[in-house]
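Q: here are the coordinates; sequence isn't available:
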């Protein structure tokens, strides 16, 4: 398993520059960092060894932890002194990725002097004993600081004996959030650790922990009140530790907090393995999926429970960026229109990204390059508003300050596609329905052949497995708020149905002999119309109205599954791709019409939606794999190209007049989203 920090770097760079107190006034940056115009990077302090984290004191001084065990005080003029040396006290194990890794201060520091440290404690020796007694164990303790000195005798251990198998993957962040609670990130235990660790609720490994500042368990933690504190496991023990707040992580080295948001708004920077880096939203009770998935992609391990909580941001290792470390929200009132964006940095390639609110998938804007070896990013108010600081191993260990502001965020392309993840999971085009404004429910056939579900309700959920054995993309309709009906083609070639109404039903067989995914529409509560392509190539229809009808043949010769929309009671519009590759249309309005050709050069079946009587929107994959769109409003438009690179039929829905949502499976195997809301999304 790849380490966060290589041993060669630790030996050759980190320990070469360990020093005692020095007086190093601020100077212009001497590393290779290059920021966007408008930002100035200066060195605040040097010769800090292997700095891992930083926190500001109320008087403007800084505390910086170094991996080897020193807690540095950095004065406002840049001079440094050692407040506590755990190595000199023979209290710390600091090889591999172990050591003094995190620091934060108490909200009442000015009166009580309390600080909190995360470090790898030496219990008799530094042997890597895993969950067995003694050896190297991660610990969180509270100390009291007076002046520029921390009294080691004041140590109060809050969490102890947190196992470590390989010396790497410790996590190591500790933070008092604005809700007054202490949040702690713990890695999965590293090389040789059980693969079950991240989901094992008897162990702290691969978790975010949440405790009161005295070490007790806060009310509202999602895993109960059983106190583990210093006695964890053994692996796969039946107990559930109440300190655990979220799980399923690999190496959550740093947490990025919004320092101006109430409560505890933060993201988790989880260092990846062979392919992906990810940033997760901090959510109570979330399970992020390691080792069964990495970033947005499913892995080969099957030891994890589902559903998974998808990452917010993720990027692969193809560009040499492969060790994501520090992260921070740009606070409100800081950096103008960039406020609320998220900063993240990669230790390996040295890129600093600025990700605007709402961005998902790979971050796009690079704010700086040349920041290799950066470990922590933080905004602190040091008397002139919130300012960005960062720690780096470069130059013998430095603390930097970044002043100024970057340019306003660029205006993105009209109708931009937003990635929603699902690589390795999504095996069909999506089906989508909206039961009320602001609510979308999306369904796909998974690579495991079952039905999967994800929804939007003030933010996107993770993926929920719904079982079944299906052979084509699904169809879905909503006839009222809280009601969803999903239809699929089973492995037996017939139509199957399940529904949601305050809970999911089982699967209901509906017969037929169908060759592709179905289509469904609801023109009123209690009415469903389902259309399929039969084994004879023609369109077939059945409906539900206080009971299911038989199958009705509707003619035509089609090459893919149909699409249908209902714009009012008693009106249905059906669309298919004909054998000539163009779109064909027929409708029901007190009787069935014939077939109407609508042109186009299509590479797959269409999708359709209606937002008001007399308005129909149709989408399809073009022969260039881009999304095509045409609409009817007092007559048919031509075909509009909406870009993208898709591999299956699209999904579309409308939750109100002037609103359309398009979802597709992209050529990268993940789900992508764009929308029209009286104008294209930016």
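A: Nice, I can see it. The structure presented is a predicted model; accordingly, all values stated were derived computationally and were not measured. Numbering: from 1, shown residues only.

Q: quick one: contacts for the residue most central in space within the chain?
A: Closest residue to the average C-alpha location of the chain: residue 311 at 1.4 Å, with C-alpha atoms, centre = their mean. Each residue near residue 311 by C-beta atoms under 8 Å, 6 or more residues apart in numbering is listed here: 270, 278, 279, 280, 288, 295, 296, 421. For glycine as for every other residue, the C-beta is placed from the backbone atoms N, C-alpha and C.

Q: what about the residue lying closest to residue 523 once chain neighbours are set aside, neighbour count?
A: Leaving out its chain neighbours, the residue that sits closest to residue 523 by C-beta to C-beta, 6 or more residues apart in numbering is residue 566, at 3.9 Å. Each residue near residue 566 was counted by other C-beta atoms under 10 Å, and the total is 24.

Q: swap in residue 619?
A: Burial measure for residue 619: 25 neighbouring residues, criterion other C-beta under 10 Å.

Q: mind checking what secondary structure it has?
A: What DSSP: H, G, I helix; E, B strand; the rest coil gives for residue 619 is strand.

Q: per-residue pLDDT of it, please?
A: Looking at residue 619, its pLDDT is 96.

Q: next: residue 12.
A: Residue 12 carries a pLDDT value of 31.

Q: over to residue 24?
A: Looking at residue 24, the pLDDT reads 34.

Q: repeat for residue 8
A: Per-residue confidence (pLDDT) for residue 8: 31.

Q: ranges for the strands of the stretch 251-400 of the chain?
A: 252-257, 266-270, 276-281, 293-294, 297-298, 313-316, 324-329, 342-346, 352-355, 366-369, 374-381, 386-392, 398-404 (DSSP state E, counting those that start in this stretch).

Q: so which of these is nearest residue 204?
A: strand 252-257 (11.5 Å; C-beta to C-beta).

Q: returning to that earlier point: how about the strands of the stretch 251-400 of the chain in TSV, adding distance to residue 177?
A: Shown next, in TSV, are these (distance: least, C-beta to C-beta, whole Å):
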stretch	distance to residue 177
strand 252-257	6
strand 266-270	7
strand 276-281	14
strand 293-294	27
strand 297-298	30
strand 313-316	21
strand 324-329	12
strand 342-346	16
strand 352-355	21
strand 366-369	25
strand 374-381	14
strand 386-392	17
strand 398-404	23
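
Q: what residues are up against residue 551?
A: Per C-beta under 8 Å, 6+ apart, neighbours of residue 551: 511, 512, 540, 541, 542.

Q: please apply the same query to residue 161.
A: Shown in contact with residue 161 (C-beta under 8 Å, 6+ apart): 123, 137, 139, 230, 231, 232.

Q: now list the buried members of those.
A: Using 16 or more other C-beta atoms under 10 Å as the burial test, those include 123, 137, 139, 232 as buried.

Q: from those residues, which land in strands?
A: Among the buried ones among the contacts of residue 161, the residues falling in strands (DSSP state E) are 123, 137, 139.

Q: okay, and the beta partners of the second one?
A: Meaning residue 137. Counting by DSSP bridges, residue 137 is bridged to residue 121.

Q: I figured it hits residue 163, correct?
A: Yes. Counting by C-beta atoms under 8 Å, residue 137 touches residue 163, with 6.6 Å between them.

Q: before we move on, back to that, could you check the pLDDT of the residue nearest to the centre of the chain?
A: Taking residue 311 on its own, its pLDDT is 92.

Q: and the closest residue to residue 419 other than its chain neighbours, how far is that from residue 90?
A: Excluding the flanking residues, the one nearest residue 419 by C-beta to C-beta, 6+ apart is residue 361, at 3.1 Å. Look at residue 361 and residue 90: by C-beta to C-beta, to the nearest Å, they are 47 Å apart.

Q: got it, and residue 250?
A: 30 Å.

Q: ok, those two, which is more surrounded?
A: Counted by other C-beta under 10 Å, residue 250 and residue 90 do not tie: residue 250 has more neighbours, with 26 against 8.

Q: please enumerate the helices of the stretch 51-200 of the chain.
A: Secondary structure of the stretch 51-200 of the chain (DSSP state H, counting those that start in this stretch): helices at 109-112.

Q: quick one: low-confidence ranges for this structure?
A: Along the chain, segments meeting pLDDT under 70 span 1-31, 300, 410-414, 682.

Q: hmm, try it at 50
A: Applying pLDDT under 50 to the chain flags the ranges 1-30.

Q: list the buried residues in the lengthiest strand in it.
A: The single longest strand within the chain, with elements called by DSSP E, is strand 149-162. In terms of neighbour count (16+ other C-beta under 10 Å), strand 149-162 has its buried residues at 150, 155, 158, 159, 160, 161, 162.

Q: for residue 165, which non-adjacent residue is closest in space?
A: Closest residue in space to residue 165, ignoring its immediate chain neighbours: residue 193 at 3.8 Å, by C-beta to C-beta, 6+ apart.

Q: so that neighbour makes contact with residue 128?
A: No. At 9.7 Å, residue 193 does not count as touching residue 128 under the criterion of C-beta under 8 Å.

Q: when those two are compared, which one has more neighbours?
A: Legend: neighbour count by other C-beta under 10 Å for residue 193 and residue 128, higher for residue 193 (25 against 22).

Q: how much space between that one and residue 131?
A: In terms of C-beta to C-beta, residue 193 sits 9 Å off from residue 131.

Q: shared neighbours of the two, which are they?
A: Common contact partners of residue 193 and residue 131 (C-beta under 8 Å, 6+ apart): residue 163.

Q: picking that back up, between residue 137 and residue 163, which contacts overlap?
A: Joint contacts of residue 137 and residue 163 (C-beta under 8 Å, 6+ apart) do not exist.

Q: do a quick rundown of the helices in the stretch 401-550 of the chain.
A: Under DSSP H, counting those that start in this stretch, the stretch 401-550 of the chain gives no helices.

Q: sorry, back to before: what is the residue nearest to residue 419 paired to in the beta sheet?
A: In this entry, residue 361 is beta-bridged to residue 313, by DSSP bridges.

Q: that one and residue 421 touch, don't they?
A: Yes. Residue 361 is in contact with residue 421 according to C-beta under 8 Å; the separation is 7.2 Å.

Q: so for the two, which sits in the more crowded spot?
A: Between residue 361 and residue 421, residue 421 has the larger neighbour count (other C-beta under 10 Å), namely 27 against 21.

Q: any idea how far that one is from residue 309?
A: For residue 421, the distance to residue 309 equals 10 Å [C-beta to C-beta].

Q: cool, and residue 402?
A: Applying C-beta to C-beta to residue 402 and residue 309 gives a distance of 31 Å.

Q: same check on residue 49?
A: 36 Å.
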